[in-house]
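Asks: I would like the atomic coordinates for the input below:
(chains A, B and C)
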Amino acid sequence: MDLDRCRRYLLARIGLELALAVVIGCRPAAHDQDAARVEESFAEPRTPAPTVVPMETPLPARSGSWWDVPYPQPFDASRLGPPLERLRADGNRLVDPDGDTVILQGVNISDPDKLERGGHWHRRHFEVIREWGANVVRIPVHPVAWRGRGKDEYFELLDQAVVWATELGMYLIIDWHSIGNLATELFQHPMYQTSRAETYDFWRSIAFRYQGIPTVAFYELFNEPTVYNNNLGTLSWDEWKAINEQMITIIDSHDHEVIPLIAGFNWGYDLTSVARDPIDHDGVGYVSHPYPQKTTAPFEVHWDEAFGFVAGRYPLLATEIGYMAPDDPGAHVPVKDDGSYGPRITDYLAKKGASWTAWCFDPEWPPQLIRDWDYTPTEAGLHFRSVMQGRVPTK
Amino acid sequence: MDLDRCRRYLLARIGLELALAVVIGCRPAAHDQDAARVEESFAEPRTPAPTVVPMETPLPARSGSWWDVPYPQPFDASRLGPPLERLRADGNRLVDPDGDTVILQGVNISDPDKLERGGHWHRRHFEVIREWGANVVRIPVHPVAWRGRGKDEYFELLDQAVVWATELGMYLIIDWHSIGNLATELFQHPMYQTSRAETYDFWRSIAFRYQGIPTVAFYELFNEPTVYNNNLGTLSWDEWKAINEQMITIIDSHDHEVIPLIAGFNWGYDLTSVARDPIDHDGVGYVSHPYPQKTTAPFEVHWDEAFGFVAGRYPLLATEIGYMAPDDPGAHVPVKDDGSYGPRITDYLAKKGASWTAWCFDPEWPPQLIRDWDYTPTEAGLHFRSVMQGRVPTK
Amino acid sequence: MDLDRCRRYLLARIGLELALAVVIGCRPAAHDQDAARVEESFAEPRTPAPTVVPMETPLPARSGSWWDVPYPQPFDASRLGPPLERLRADGNRLVDPDGDTVILQGVNISDPDKLERGGHWHRRHFEVIREWGANVVRIPVHPVAWRGRGKDEYFELLDQAVVWATELGMYLIIDWHSIGNLATELFQHPMYQTSRAETYDFWRSIAFRYQGIPTVAFYELFNEPTVYNNNLGTLSWDEWKAINEQMITIIDSHDHEVIPLIAGFNWGYDLTSVARDPIDHDGVGYVSHPYPQKTTAPFEVHWDEAFGFVAGRYPLLATEIGYMAPDDPGAHVPVKDDGSYGPRITDYLAKKGASWTAWCFDPEWPPQLIRDWDYTPTEAGLHFRSVMQGRVPTK
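Replies: Next up, the predicted model:
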């Protein structure tokens, strides 16, 4: 048949097909995953990422229809009231839409999976943190919990955090809370066990889910890289940089506005390689975890060398700081301190214009900020709360 | 003892051992896996691959004797009547043993696992395809189905396909039906989830099973490579080429006659990199999936640039073509078309001397060739059937 | 508060905290994994590895508290009486603490998991081996058994072997008994299936567990590398060398005294690449598995070329030798022989100053050294026993 007749025929068929679809309950079939193909088809140069992006979900049981597993959905922004202002990296500063500098100070919570199991996953948890003066919360997602709970159920927890944080005016850092070596895929403890593929998939999933939500301002790509004195094999900066850039490429393709945060070696303390060979991507920040026993006096000199210098070029966030008396329950290297560390580190970070989140708003995860589930502050908690509430002048 | 005595003694022992073996039910013990060692031992230069090659099988339960898991067996060719003629790549043509050009035209079936679950895995399915004029069938093996069913059970399905196709005079393309990025191991949907190791093992298992069976003429190594606008990370042609060459090395070591088919980027549409850097292996073909919305008018010009030029140097197969009206149930980018695509693509491929298989001989997997399980053709089905039956002259 | 007051306050808190800990049953909390951070924190240059090193353990069930999974413990050396003398590599010799040359001759047992399932995991098994004159036992740990039994349970078996071997004065070779290609992660049979990550983790776990125990003198990194005529893809010496060096780095960080043993291609027979490009690490040895059918006459010439030359520069151990009559039950390539191989190989190895362990002290794993569970020697068993007992003069 000629093309015009063909077109007329096809148009006629559409009505028939739709009627038939109603009758036999036909739903869009398996090949719908190709919905975004055209974006790449025409791409010269690359077009923007599509809004809806397929992702991994748990493998269905054999009895299921694996070809009908639904594609994931992004977070429903209509659950939020007025959004927070979008933050971005501008030179070495975090800035708001007016270009004004933003300094973030807040806390780490424990893993939402741990809080939910213990009956502490409540809006109240976030309210107290806000009352302490925090404007940012870091959420450590442990690979073992992410896998164990499953993406869909884990997203339910994170979604609630987004709602609560938005209502309370706090930004979120989502932190892939592993410790170890992604090159050899050896990690410090089973709770940190992951792989490069799972790590890439985590960021693909997270970035798809929270694209365009200003509350979720930061993605801390990998909590603490370490080779553990070679117990975990070797990892060069070149290798680590390439892995980070792969993560950033995946994230950036979903969400060009979120700020990726990159960690250095020695359990996320040491950023010295950034001086000669920074990550090849604009709009990123760097993190350090300068616990008290990571170095010795003169602290400020050593801190400058290990990570502080980065604050001259890039946004710097100390996403884990904290301390406790050597004989407190749970005290361990490198967090033991006589108390002098508290004002020293907050003053230092203030001078550097760096943001920070203290570890940890859970009475069971040392160094603790709270003593109990009545949220009684520890000594460290008192100090960091005072700073966040502006009652401790910084030098 | 001296060697002669030793030999006599050993010969005497053989009878005793064999008798003992009968009595105590002794079977060949675990070290039998070494049966093929000598091939490599003496290999200078490399000897041909041994006929029987061990492979992976599902891990036995802990209560089992893991050292007694049997090695796999190749397909039993005695189940077949007269074999089909062996096809091979000769320059840019597929040829039969006389060197005459062979053009293949056929269809994709849905995954055999899906057909079997739905009660449609019958010889009749293949008979209808033959009645439509097809001389080739493409079988998409989805990783999720391969893993879920297990190798042994999946081979039962593929074995039946080999029997039916041989009887009916149709060639088979076995297609590892994944979509995504084998470098990052991120994929478009859970049904496509795999890994490099599993992919290599798939081809090792398939090539071992169907070595020397001319019906199984083609191995399409990976359905649709794509980085999905970087949602799946990055993948260079160098990386992709190396992965393909590893697959081909594995296949070639089992079966030097089968024709591997290689796909390019953009969901298997774009073969432009082949111009400057083809796969380093003789006897291969290339594939493209030029669905209607992969490009715009003038189509023939764009098709030439993206994949058609390959037909001047290598066998070219368009292993997925198809279309449907934009409002048909299940219609999606990139398969929506007003109907003009049908004759345009089949004419184009005829001019190029390219073979093709239309997608998809299942009423639930769009773009469909059939409307129902009575095999009523869709509009696209009518067109492709007419071409296969020679009732539509090509220009 | 000022620092002195802070210190006094903290000291006062310690008593309160400890009292509270007793009352509420508080145990050291999750962050204890950081206990060793300070070692790296201060590391310039690298400090010695910490004594207690975290490792992987099986993932806890979801209902468990994943943050409380205990860290592993090293082998309790107090279970041993007087330790064996520490062996080390000195040039091309194995030497004792006095620098005197040590030649080791012994047997392979079958996998401890197999022995335990069959009711043969007894001290008596090791006693008979000692009676045969052995001063070394090679223990092949199959990946399937390691995973199936789980680390903790597998360590119970290995711990017993360490106790028995120490009491009986025999050294141990722990052998990661895989066969195949760690680059493509394809293996000869399911019992050998592993991955690079699991292999690295195995050596991390083993080296942590048995650090400082002289009985566990050798770690044979990977039993038999092979590409199986490319059935398992490709593997270059550069790739293989890098994987070995990664394993050695991990082991060396835990235990600087143990002697890693490296295998070459062709099922661990061929060490020719060592001539031009040896492993970049001191204190290692090399292994070969020169079964009778790995080459042809003149054997000594071919053996020199394939592996014997290594004995001029490095300690050489033939960790699998053995033979059986061609018609004995379980006979297979490459172990079939008329009996002339026995004295030929032991004489050759004696001339080279090489150590060896014969395969296999199990009546079901050919080529067998024993016929039954009464430990009746086979022909090969008689030969190797005579050599170990010094009743066969070497030429």
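
Asks: every contact and neighbour count from this point should use C-alpha atoms.
Replies: Fine.

Asks: distance between the ends of stretch A:69-87?
Replies: The separation between the terminal residues of stretch A:69-87, taken as CA to CA, to the nearest Å, is 36 Å.

Asks: ditto for stretch A:372-389
Replies: End-to-end for stretch A:372-389, by CA to CA: 21 Å.

Asks: report the buried residues of that stretch.
Replies: A:375, A:377-385, A:387-388 (16 or more other CA atoms under 10 Å in any protein chain shown).

Asks: contacts for that stretch, please.
Replies: A:105-106, A:128, A:132-134, A:322-324, A:339, A:342-343, A:346, A:358, A:362-363, A:368-371, A:392-393, C:10 (CA atoms under 8 Å, 6 or more residues apart in numbering or on different chains).

Asks: same thing but at 7 Å, please
Replies: A:105, A:132-134, A:322-324, A:342, A:363, A:368-371, A:392 (CA atoms under 7 Å, 6 or more residues apart in numbering or on different chains).

Asks: can you select the buried ones from those residues in PyMOL?
Replies: One line in PyMOL is enough to select the buried ones among the contacts of stretch A:372-389; burial here means 16+ other CA under 10 Å:
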select buried, chain A and resi 105+132+133+134+322+323+324+342+363+368+369+370+371
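
Asks: of the contacts of stretch A:372-389, closest to chain B?
Replies: Ranked by distance to chain B (CA to the nearest CA), these are led by residue A:105 at 31.8 Å.

Asks: contact partners for that closest one?
Replies: Taking CA under 7 Å, 6+ apart, one finds A:134-136, A:355-357, A:388 in contact with residue A:105.

Asks: who's it bridged to?
Replies: For residue A:105, the beta-bridge assignment (DSSP bridges) gives partners residue A:356.

Asks: am I right that residue A:159 sits in a strand?
Replies: No - the assignment for residue A:159, made by DSSP: H, G, I helix; E, B strand; the rest coil, is helix rather than a strand.

Asks: now it. Nearest residue, chain neighbours left out?
Replies: residue A:75 (7.2 Å; CA to CA, 6 or more residues apart in numbering or on different chains).

Asks: which of the buried residues of stretch A:372-389 lies closest to residue C:95?
Replies: Checking the buried residues of stretch A:372-389 against residue C:95 by CA to CA gives residue A:380 as the nearest, at 55.7 Å.

Asks: phi and psi next, for the closest one.
Replies: phi -60, psi -40 (degrees, to the nearest 10).

Asks: which residue sits closest to residue A:81, ignoring its sequence neighbours?
Replies: That would be residue A:167: by CA to CA, 6+ apart, it lies 7.2 Å from residue A:81.

Asks: contact residues of the stretch 201-350 of chain A facing chain B?
Replies: When proximity is defined as CA under 7 Å from any CA of the partner chain, the stretch 201-350 of chain A approaches chain B at A:201, A:204, A:246, A:249-250, A:253-254.

Asks: hmm, try it at 10 Å
Replies: Counting by CA under 10 Å from any CA of the partner chain, the residues of the stretch 201-350 of chain A close to chain B are A:201, A:203-205, A:207-208, A:245-254.

Asks: I figured residue A:89 hits residue A:311, correct?
Replies: No - between residue A:89 and residue A:311 there is no contact, the gap being 12.0 Å when judged by CA atoms under 10 Å.

Asks: which neighbours do the two share?
Replies: Shared contacts of residue A:89 and residue A:311 (CA atoms under 10 Å, 6 or more residues apart in numbering or on different chains): residue A:285.

Asks: state the pLDDT value of the residue nearest to residue A:81.
Replies: Residue A:167 is assigned a pLDDT of 98 by the prediction.

Asks: doesn't it belong to a strand?
Replies: No - per three-state DSSP, residue A:167 lies outside any strand segment and is helix.

Asks: give me the neighbour count for it.
Replies: Residue A:167: 16 surrounding residues under other CA atoms under 10 Å in any protein chain shown.

Asks: just for chain A, where's the confidence low?
Replies: For chain A, residues meeting the criterion pLDDT under 70 lie at A:1-64, A:392-395.

Asks: let's see 90
Replies: A:1-64, A:391-395 (pLDDT under 90).

Asks: the helices in it, which residues?
Replies: Along chain A, counting by DSSP state H, helices occupy A:3-24, A:37-41, A:112-117, A:123-131, A:143-149, A:151-168, A:196-210, A:237-254, A:265-268, A:273-276, A:299-306, A:341-352, A:379-388.

Asks: ok, back up a step: of the contacts of stretch A:372-389, just say which sits nearest to residue A:280.
Replies: Looking across these and measuring by CA to CA, the closest to residue A:280 is residue A:105, at 27.1 Å.

Asks: from the buried residues of stretch A:372-389, which two are the most distant?
Replies: Applying CA to CA across the buried residues of stretch A:372-389, the maximum distance is between A:375 and A:387, 17.2 Å.

Asks: and stretch A:129-145, what's buried?
Replies: A:129-130, A:132-145.

Asks: just stretch A:83-100 next, same as before
Replies: For stretch A:83-100, using 16+ other CA under 10 Å, the buried residues are A:84-96.

Asks: same question for stretch A:276-292.
Replies: Across stretch A:276-292, burial judged by 16+ other CA under 10 Å covers A:278-279, A:283-292.

Asks: just the terminal-to-terminal distance for it.
Replies: Note: stretch A:276-292 ends 26 Å apart using CA to CA.

Asks: next, count neighbours for the residue of the stretch 101-250 of chain A at minimum distance from chain B.
Replies: In the stretch 101-250 of chain A, the residue that lies nearest chain B is residue A:250 (5.0 Å; CA to the nearest CA). Using other CA under 10 Å, residue A:250 is surrounded by 26 other residues.

Asks: give the contact list for residue A:232.
Replies: Counted by CA under 10 Å, 6+ apart, residue A:232 has contacts A:180-188, A:226, C:55, C:200-201, C:204, C:246-247, C:249-251, C:253.

Asks: cool, residue A:260 as well?
Replies: A:89, A:173-174, A:217-221, A:244, A:247-248, A:251-252, A:281-287.

Asks: run through the residues that contact residue A:156.
Replies: Applying CA under 10 Å, 6+ apart, the residues near residue A:156 are A:75, A:162.

Asks: again with residue A:83
Replies: A:77, A:166-167, A:169, A:213-215.

Asks: can you pick out the most distant pair from those residues?
Replies: Once CA to CA is applied, those give A:77 and A:169 as the farthest pair, at 15.5 Å.

Asks: could you measure from residue A:377 over to chain C?
Replies: Distance of residue A:377 to chain C, given as CA to the nearest CA, to the nearest Å: 13 Å.

Asks: circling back to that earlier point, tell me who's in contact with the residue nearest to residue A:81.
Replies: Contacts of residue A:167 (CA under 10 Å, 6+ apart): A:80-84, A:127, A:161, A:215.

Asks: residue of chain A nearest chain C, please.
Replies: residue A:330 (4.3 Å).

Asks: separation between that residue and chain B?
Replies: 39 Å.

Asks: next: residue A:311.
Replies: Distance, residue A:311 to chain B, using CA to the nearest CA: 29 Å.

Asks: hmm, back to that, filter the contacts of residue A:83 down to the buried ones.
Replies: By neighbour count, with 16+ other CA under 10 Å, the contacts of residue A:83 hold A:166-167, A:169, A:213-215 as buried.

Asks: out of the contacts of residue A:260, list just those in strands.
Replies: Judged by DSSP state E, strands contain the following of the contacts of residue A:260: A:89, A:173-174, A:217-220, A:285-287.

Asks: what's the most distant pair in the residues you listed?
Replies: A:89 and A:174 (16.8 Å).
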